[in-house]
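1. can you look at this prediction? I've put the sequence above it.
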Amino acid sequence: MSSLASPTAELAKPAQNLIGGEWQEVRGHDTYEDRSPSDPSLMVGIVPLSTDDDAVAAIAAAAGAAPEWAALPAAARGAILNRAAGVIERDQERIATLMSREMGKPLREARGETLRAAAILRFFGAEGQRPTGARWEQSASGAPVYTVRRPLGVIALITPWNFPLAIPTWKLAPALAYGNTAILKLAQPAPLTGLELARALDEAGLPAGVLNVLLGSGSRVGPVLIDHPQVDAISFTGSETVGHGIRDRATVLGKKVQLELGGQNPLIVMDDAPLTRAAGAAVAGAFWSAGQKCTATRRILVHERVYDAFLETLREQTGRAVVGDAEDAATEVGPLVSEAQLDDVVAGIDRGRGEAQLLAGGERLDRTGWFVAPTIFADAAPDAFLSCEEIFGPVTTVSRVGDLDEAIARANDVRFGLSASIFTGSIATAHAFAARAQAGMLHINSQTAGAEIHVPFGGIKSSAWGPHEQGTAAVEFYTDQITVYEDA
Ligand code: UN1
């Protein structure tokens, strides 16, 4: 804790935007208090609400810096990303502690997320050493025809609070690596963690204007970012409603849009599954970080032959999950990010009580902070609210299924398609699941959450729009592909 304590004077000063290479006060006077969800009496910082004028200034700075940044060799851009990775690694413990305090992510996971951000920067830092296109021969002459990638220009990155460092990084690192400049809008409930990414890049020598950071409310500055003619593309992670609104508005303007939205992720437990491991994955997927992941396990579909045995181990493991202050290294289930989020989750649980049987939890915890007990409902009907909608908290459902066909049909019977898991000892069952489950990320014998940095990440159906993110997929969104016919 002491590593973070800021002098009172510094706390009293509002955080700043980064625009055109300068840390600037916002062009308005409204601020809010950023408090710790584990203990709301603990102030983390004072954050200003950016205005339309701040957004316009950020866009102008990004547009001004774009030509020179795009003209640098990719390896030179990558060297800056690599140096920023080193800064994050050096400051790992301080950043992880800030993340835990500000967002309520348990320290164990916050440490992992911090290192994940550094690894993402290193992956994209090496893009300058990888192929940028393919080369063929023209049919009649044998002369070359090849593809190249070009940056899009200025990209707005609108990021959520639940991965307050990793998601800004996995949008920003490819945006910059491929030669774009960016405006990064950090989420209102946990923006100070994301500012650490900007600080690291600043320290690493990123030229002025290449990255511009806006604090404050998305509903305030979002419309400016979406509508402004100098913004070429928008990448957004967050709710389905907001995401679809951004898509509908931006695509009409001819902009490229990438959305990562919600999930209603199933985990299937077959009768040949290792039950203890499957229950461990269900607990981790449903309850770690208090279920505040779009990849969290919302529905557990269990073969009827092992239902009772699975339920027993699930309840037992849920009972053992360590709920506590996010900054305690032993904590597995921390608080919800804010009181508003707590109210939403409690309202979802109350609605669930009317449609399914409550097996565990179901209450706000009687302690300081925005805590809800890990909650399990049984036998929610396929069309129940609990089965169809995303409650963004430590809430999951468990249901009986008769066979694999029924499990896959139930798994697919939602409008979302982000991630899905199966636990089975059978290769044939696993392959049938891999062929038929409707989700962008499928897990065989592992939990629904979690993502490797070097592989594509993204959903299908209503969980996403546009190209996938991360790893080898990121180039599709952040560049245009151009084909060059080269005759002498
Ligand atoms: C993960 O499961 O580690 O907002 C990543 C989210 C997702 C990221 C999940 N876009 O929760």
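-> Thanks, I have the structure now. Residues are numbered from 1 along each chain as shown.

2. burial of residue 486, as a residue count?
-> Residue 486 is flanked by 10 other residues according to other CB atoms under 10 Å. Heads up, the C-betas are built off the backbone N, CA and C, glycines and all.

3. again but with residue 76, I slipped
-> Residues lying near residue 76 (other CB under 10 Å) number 11.

4. could you give the number of residues near the closest residue to residue 233 other than its chain neighbours?
-> Spatially, and ignoring its direct neighbours in sequence, residue 233 is nearest to residue 256 (4.0 Å; CB to CB, 6 or more residues apart in numbering). Residue 256 has 18 neighbours, counted by other CB under 10 Å.

5. isn't residue 256 right up against residue 477?
-> Yes. Between residue 256 and residue 477 there is a contact under CB atoms under 8 Å: 6.8 Å.

6. which phi and psi does residue 469 have?
-> Main-chain torsions, residue 469, degrees, to the nearest 10: phi -100, psi 170.

7. ok, now which ones touch residue 232?
-> Residue 232 sits next to 152-155, 180, 255-256 when contact means CB atoms under 8 Å, 6 or more residues apart in numbering.

8. surely residue 421 meets residue 263?
-> No. Counting by CB under 8 Å, residue 421 sits too far from residue 263 to count as a contact (11.7 Å).

9. between the two, which contacts overlap?
-> residue 448.

10. roughly how far out does stretch 337-354 sit from the chain middle?
-> Averaging C-alpha positions (CA atoms, centre = their mean, to the nearest Å) puts stretch 337-354 21 Å from its chain's average.

11. wait, does that stretch contact the ligand?
-> No. Figure legend: stretch 337-354 not in contact with the ligand (CB under 6 Å from any ligand atom); closest approach 12.2 Å.

12. which of the residues in that stretch are buried?
-> Buried residues in stretch 337-354, defined by neighbour count with 16 or more other CB atoms under 10 Å: 337-338, 341-342, 345-346, 348-349, 352.

13. close to the ligand: what parts of the stretch 351-488 of the chain are there?
-> 449-451.

14. heading C-terminal from the least confident helix or strand in the chain by mean pLDDT, find the next helix or strand.
-> Each helix and strand of the chain was given a mean pLDDT (mean pLDDT, DSSP states H and E); the minimum falls on helix 8-12 at a mean of 57. With elements assigned by DSSP states H and E, the helix or strand that comes after helix 8-12 is strand 17-19.

15. can you list contacts of that next one?
-> 23-26, 48, 50, 54, 57-58, 61, 195, 198, 202, 211-215.

16. now do the same contact list for residue 44.
-> 34-36, 98, 101-102, 192.

17. for it, which three-state class applies?
-> Applying DSSP: H, G, I helix; E, B strand; the rest coil to residue 44 yields a three-state assignment of strand.

18. cool, and residue 349?
-> Residue 349 ends up helix, using three-state DSSP.

19. hmm, residue 376 and it touching each other?
-> No. At 10.8 Å, residue 349 and residue 376 do not qualify as touching, with contact defined as CB under 8 Å.

20. any residues in contact with both of those two?
-> residue 361.

21. for burial, what's the neighbour tally of residue 452?
-> Residue 452: 11 surrounding residues under other CB under 10 Å.

22. residue 140 too?
-> If you count neighbours by other CB under 10 Å, residue 140 ends up with 6.

23. do you know the pLDDT at it?
-> If you check residue 140, the pLDDT there is 97.

24. got it, and residue 1?
-> You'll see residue 1 listed with a pLDDT of 41.

25. state the distance from the residue nearest to residue 270 when sequence neighbours are not counted to the ligand.
-> Nearest residue to residue 270, sequence neighbours excluded (CB to CB, 6+ apart): residue 424, at 4.1 Å. Going from residue 424 to the ligand by CB to the nearest ligand atom, to the nearest Å gives 21 Å.

26. how about residue 424, phi and psi?
-> When quoted as degrees, to the nearest 10, the phi and psi of residue 424 stand at phi -160, psi 160.

27. what residue ranges in the protein score low on pLDDT?
-> With pLDDT under 70 as the threshold, the chain has low-confidence stretches at 1-12.

28. how does it look with 50?
-> Along the chain, segments meeting pLDDT under 50 span 1-3, 5-9.
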